[in-house]
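Asker: requesting a structural model of the entry that follows:
(chains A and B, ligands or ions: 1)
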Amino acid sequence: MSGTFVGMPAFPAAAHGAVADRTLRANLRHATHTIRDKRARAVTELDDWAELREAGKQIKDHTLRHLDTYLVQLEEAVVRAGGTVHWAVDADEANSLVTRLVQETGEREVVKVKSMATQEIGLNEALEEAGIRAYETDLAELIVQLGKDRPSHILVPAIHRNRGEIRDIFEHEMASWGRPAPEALADSPAELAEAARLHLREKFLRAKVGISGANFMVAETGTLVILESEGNGRMCLTLPETLISVVGIEKIVPTWRDLEVFLQTLPRSSTAERMNPYTSTWTGTSDSDGPRTFHLVLLDNGRTDTLADEVGRQALRCIRCSACLNVCPVYERAGGHAYGSVYPGPIGAILSPQLRGMGSEIDRSLPYASSLCGACYEVCPVAIDIPEVLVHLRERVAEGGEVVRNGARITVRPAKGHAAERAAMRATAWAFGRPGILRTGQRLASRTRRLHPRKLPGPGKAWGASRDLPEVPQESFRDWWARTDGGKGEVK
Amino acid sequence: MNSRERVLARVRRAVGDASDSASSSYAQDVPRDYHEQHGARTAAETADLLAENLAEYRALVHRAQEADLPALIARLLAERDADSVLAPAGLPREWLSGVAARLVEDSPDSTPHELDEVTAVVTGCALAVAETGTLVLDGSPDQGRRRITLIPDHHICVVRVPEQLVSSVPQALPRLDPGRPLTWISGPSATSDIELDRVEGVHGPRTLQVILVE
Ligand code: SF4
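Answerer: Next up is the predicted model:
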């Protein structure tokens, strides 16, 4: 089973480990730069990108504002089409629901399509406890699962592994999960992909239960949508007799037509393709084509708490394209694991502390895992103002205040040891009047730049050349900064 | 309170009382200033664009007149040593008149293991999208169940141009029935999961051949 994030060190400590790892840094750098350049070309091809982005943002905001209406509409449509709808308030409820649904089929194994929601709730571990084996079928997820590892990127979760490591993992681990790796396996990506094809095919062909998430759910029709590249999704969605989809409640769009926006923006933002190789849509069950039984589990798990925060709720617009990871200087240095969550990078820094609450040191430190350079906002296909939310959450850490946890309004106290942030936030508040003002007008990043016009000295230039010194008021983060030479990674 | 009621109650508390109804504000809330298609093209140019975009994602594109279709299909199958071919029930039988390989019907009773023994599949499509190089299958009789275009390693898909061709995604959606299970295919399956090196063909058909019939 892949590792979990429980007990992860807080961001600076975890990032410290990561920046010291040369292989990881080289892999990450190569990956993020390659994807970001390709993405930029794919986006330039559309001269109406700004309008598509605005439409995507407004569709999501409208949906969130009327989420109750659309959830009920979706439920009715799915039921009408022959599906069953379940609701889960938190991870535990979702896990026991899915476990029970699998047990009712009498099966002891399931095939899974890559799904952030099921990683978020730790479904594989829950199933394992119940004696059910969950096979990840996305190539990268397979690498992560066989390597007893954690994903480090939304789109390419095994990006921290190079081909030699993957070959070794396949050679040593495939046999204990099913069909062994071929003899004398080479380390070319083509041969490794072929090994995965053979290993997984026997599982697809005998699978009786498939588990998925979804990229979108259409309220008016009850249709679920999954975009993928490898075909493992199609296998899991069409061959099993029972399909269970676990989907966050924020994945709804109102109408079938709304897909015309996201089917243009998501592939280009994500894999930098005009269209990903395979997209599947299904509505309930169909006569003699695909699963005979379909269960939809609607997952809250902190989403309604996030929705209650007027600034933070925009994080729920996220369509998980991963573009913000690929442009983030902190992600590039620190790697995905440092974020202590299935959601790494800038989106993770604003989503995890909201979904989980700020009870842990890692969740309190995540809003500081940013230089507020604003690149994430620029590339986001649904225009999430990540820097705005980061500042908002820093304020929450430093100043405390009212939040909603598990549906109840509570007041959190300022975090201990965050006196520096308190001072910084007071200064910000003084400069800008009220935090609410930050929401409108000029870009926050440039404001921050004006406020802290300091350049990184000496060796920090690699990172700081065209960027001003990030606001890093947290003590331990500053320690990390000093030790790693401004993130350059010269750690001894 | 059950979980459904609890989640809905939390949503309502979180968003407050929306003063407007979802249906009345939807059109106003969502600006659609983006294009319905990108650029103006003649029907012939649209077909060329489809061919170009399909080829860029490593689909093999062929163009033919209806009369030449049987010979072309037979040749494409023979070139890849197909010994068995899946044929959905509604596929015009004359298209397969020159095929030497054994024909296998798309039947609800065949098991995935049996389909795994079949080398190739020939289908029509619901429509094709030029700007993205995409074929859409909707399970109509000339396309069959979703699994038949997934398990065999070689898929030949016939597109009628211009009838089945649209320029853009916004033009495609209104022509499709969301009630049917849809598969959008843009090139053969692929992965970039290992050091971002693109490898074609992981789980779906490794060879995708598209015939544009004019
Ligand atoms: S926050 Fe925006 S850019 Fe980042 S993953 Fe989500 S949609 Fe993509």
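Asker: alpha carbons only for contacts and neighbour counts from here, please
Answerer: Will do.
Asker: so who does residue A:262 touch?
Answerer: With contact taken as CA atoms under 8 Å, 6 or more residues apart in numbering or on different chains, residue A:262 is in contact with residue A:56.
Asker: where's it, which helix or strand?
Answerer: helix A:259-270 (DSSP states H and E).
Asker: may I have the next helix or strand after that helix exported as PDB, CA atoms only?
Answerer: Using DSSP H and E, the helix or strand that follows helix A:259-270 in sequence is strand A:278-283. The C-alpha coordinates for strand A:278-283 follow below in PDB (Å, rounded to 0.1, in the frame of the first residue of the first chain):
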ATOM      1  CA  TYR A 278      -9.700   9.400 -24.100                       C
ATOM      2  CA  THR A 279     -12.700  11.000 -22.500                       C
ATOM      3  CA  SER A 280     -15.500   8.900 -21.200                       C
ATOM      4  CA  THR A 281     -19.000  10.100 -20.300                       C
ATOM      5  CA  TRP A 282     -21.700   7.900 -18.800                       C
ATOM      6  CA  THR A 283     -25.100   8.500 -17.400                       C
END
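Asker: quick one: check strand A:278-283 for contact with chain B.
Answerer: Yes. Contact of strand A:278-283 with chain B (CA under 8 Å from any CA of the partner chain) involves A:278, A:279, A:280, A:281, A:282, A:283.
Asker: let me know how buried residue 78 is, in neighbour terms.
Answerer: I went with chain A, as the question did not name one. Counted with other CA atoms under 10 Å in any protein chain shown, the neighbours of residue A:78 add up to 28.
Asker: if you could check chain B rather than the one you did, that'd help
Answerer: Residue B:78: 14 neighbours (other CA under 10 Å).
Asker: for the one 3 residues further on, same thing?
Answerer: Around residue B:81 there are 12 other residues, counting by other CA under 10 Å.
Asker: cool, and the one 5 residues further on?
Answerer: Applying other CA under 10 Å, we find 24 other residues in the vicinity of residue B:86.
Asker: also residue B:139?
Answerer: Neighbours of residue B:139 (other CA under 10 Å): 20.
Asker: for the chain, which spans come out with low pLDDT?
Answerer: This is for chain A. By pLDDT under 70, the low-scoring segments of chain A are A:1-20, A:417-492.
Asker: oops, I was thinking of chain B
Answerer: Looking at chain B by pLDDT under 70, you get B:17-19.
Asker: strands along that one, start to end?
Answerer: Along chain B, counting by DSSP state E, strands occupy B:60-64, B:84-87, B:102-105, B:120-123, B:127-129, B:134-137, B:154-160, B:165-166, B:182-185, B:190-191, B:199-200, B:207-213.
Asker: now distance to residue A:335 too, for those, in CSV please.
Answerer: Output for these, formatted as CSV (distance: least, CA to CA, whole Å):
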stretch, distance to residue A:335
strand B:60-64, 38
strand B:84-87, 46
strand B:102-105, 50
strand B:120-123, 43
strand B:127-129, 37
strand B:134-137, 34
strand B:154-160, 39
strand B:165-166, 42
strand B:182-185, 33
strand B:190-191, 21
strand B:199-200, 24
strand B:207-213, 36
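Asker: got the contact list for residue A:402?
Answerer: Contacts of residue A:402 (CA under 8 Å, 6+ apart): A:409, A:410, A:411, A:412.
Asker: equivalent analysis for residue B:97, please.
Answerer: residue B:70.
Asker: and it, backbone torsions?
Answerer: Dihedral angles of residue B:97 (phi, psi; degrees, to the nearest 10) stand at phi -60, psi -20.
Asker: tell me how far it lies from residue A:380.
Answerer: According to CA to CA, to the nearest Å, residue B:97 and residue A:380 sit 52 Å apart.
Asker: cool, residue B:146 as well?
Answerer: 33 Å.
Asker: over to residue A:308?
Answerer: 22 Å.
Asker: then residue A:215?
Answerer: 16 Å.
Asker: these two: who's more crowded?
Answerer: residue A:380 (23 against 20).
Asker: which ones are touching the more buried one?
Answerer: Residue A:380 neighbours (CA under 8 Å, 6+ apart): A:269, A:323, A:324.
Asker: and if we set it to 10 Å?
Answerer: Residues in contact with residue A:380 (CA atoms under 10 Å, 6 or more residues apart in numbering or on different chains) are A:53, A:57, A:265, A:269, A:318-324, A:347, A:386.
Asker: what does residue B:100 give?
Answerer: So residue B:100 contacts B:74, B:75, B:77, B:78, B:82, B:83, B:84, B:85 (CA under 10 Å, 6+ apart).
Asker: neighbours around the nearest residue to residue B:198 once chain neighbours are set aside, how many?
Answerer: Once flanking residues are discounted, residue B:198 sits nearest to residue B:192: 4.5 Å by CA to CA, 6 or more residues apart in numbering or on different chains. If you count neighbours by other CA under 10 Å, residue B:192 ends up with 20.
Asker: and what of residue A:405?
Answerer: Neighbours of residue A:405 using other CA under 10 Å come to 19.
Asker: cool, residue A:139 as well?
Answerer: 26.
Asker: wait, it sits on residue A:190?
Answerer: No. Contact between residue A:139 and residue A:190 fails when scored by CA atoms under 10 Å: they sit 12.0 Å apart.
Asker: domain map for chain B?
Answerer: B:1-33, B:43-213 (automatic domain parsing).
Asker: quick one, what contacts residue B:8?
Answerer: A:67, A:68, A:69, A:71, A:72, A:87, A:300, A:304, B:14.
Asker: my read: residue A:252 touches residue A:63, true?
Answerer: Yes. Using CA under 10 Å, residue A:252 is in contact with residue A:63, at 7.1 Å.
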